[in-house]
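Novice: Just need the structure, nothing else, for what follows:
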Amino acid sequence: MDDGSSFPCSIKIRIDKDMNKTLELCKRAQQMGCDSITVHGRLRSQKNEGKPDLDAIKMIKQDLSIPVFGNGGVETLDEAREMASYTQTDGIMVAQGLLQNPALFAGHSSTPRECVERFVEESLVHGSNLFLFQHHLAFMLDSQMSRGERRHFNTLSSTAAILEFLRHHHWLY
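Specialist: Numbers count the residues shown, from 1 in each chain. Predicted coordinates for the structure are as follows:
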């Protein structure tokens, strides 16, 4: 019987307003054999609003001997570098920032047209479902569409309609 030691175990947490509780949780996870911890530097009630508490992430990193990864609010390459440098974590995890701009780590401030074109091509070749296709494109193009365009885009109900929208708005050739 496998006792779980043959594969890595990692957790992701959000900080608690009582940092002692957060540190206690992280130390218990480490004692129980967790291989790494990703710390989202915001309270659960904050969702994805406001700045992450980098001091909290840094404190956790200093108190643990396992790898700690920082998370929360990274939308640019410079923000990723700043978080890693300030917190001295073993790395960072980015979610929404990469959904909004898959070329973030290449140094682009917004999703380049080539990235959209490649995503569309790969999605069509590999058969992405409509919901995911539209969802990811909505994230990628959000900052570059007007409110009306976003509203219209979100009502599209077929791949053909999405492709026509992208061609009309010069995202595809």
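Novice: residue ranges for the strands of the chain, please.
Specialist: For the chain, strands defined by DSSP state E occupy the ranges 10-14, 36-40, 68-71, 91-93.
Novice: Let me have these in a markdown table, extended by mean neighbour count and distance to A103.
Specialist: Backbone N, C-alpha and C define where each C-beta goes, glycine included. A markdown table is the format used below for those (neighbours: other Cβ atoms under 10 Å; distance: least, Cβ to Cβ, whole Å):
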| stretch | mean neighbour count | distance to A103 |
| --- | --- | --- |
| strand 10-14 | 15 | 24 |
| strand 36-40 | 22 | 23 |
| strand 68-71 | 24 | 20 |
| strand 91-93 | 17 | 17 |
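Novice: Same list, those, but as CSV with mean pLDDT and distance to K47 please.
Specialist: Shown next, in CSV, are the strands of the chain (pLDDT from 0 to 100; distance: least, Cβ to Cβ, whole Å):
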stretch, mean pLDDT, distance to K47
strand 10-14, 97, 10
strand 36-40, 98, 10
strand 68-71, 98, 13
strand 91-93, 95, 17
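Novice: a markdown table for these, including distance to H170?
Specialist: As requested, these are arranged in a markdown table below (distance: least, Cβ to Cβ, whole Å):
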| stretch | distance to H170 |
| --- | --- |
| strand 10-14 | 38 |
| strand 36-40 | 36 |
| strand 68-71 | 34 |
| strand 91-93 | 33 |
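Novice: List just the one of the ones you listed that sits closest to L132.
Specialist: strand 91-93 (20.5 Å; Cβ to Cβ).
Novice: show me what contacts the residue nearest the centre of the chain?
Specialist: The chain has A95 as the residue nearest its centroid, 0.5 Å off, counting by Cα atoms, centre = their mean. The contact partners of A95, by Cβ atoms under 8 Å, 6 or more residues apart in numbering, come to N71.
Novice: So for it, what's the pLDDT?
Specialist: Taken from the predicted model, the pLDDT recorded for A95 is 91.
Novice: Provide the backbone phi and psi angles at it.
Specialist: Main-chain torsions, A95, degrees, to the nearest 10: phi -120, psi -80.
Novice: And the least confident helix or strand in the chain by mean pLDDT, what does it pack against?
Specialist: In the chain, no helix or strand scores lower on mean pLDDT, DSSP states H and E than helix 96-100, which sits at a mean of 92. For helix 96-100, the elements it packs on are helix 130-141, judged by 3 or more Cβ pairs under 8 Å, 6 or more residues apart in numbering; DSSP states H and E.
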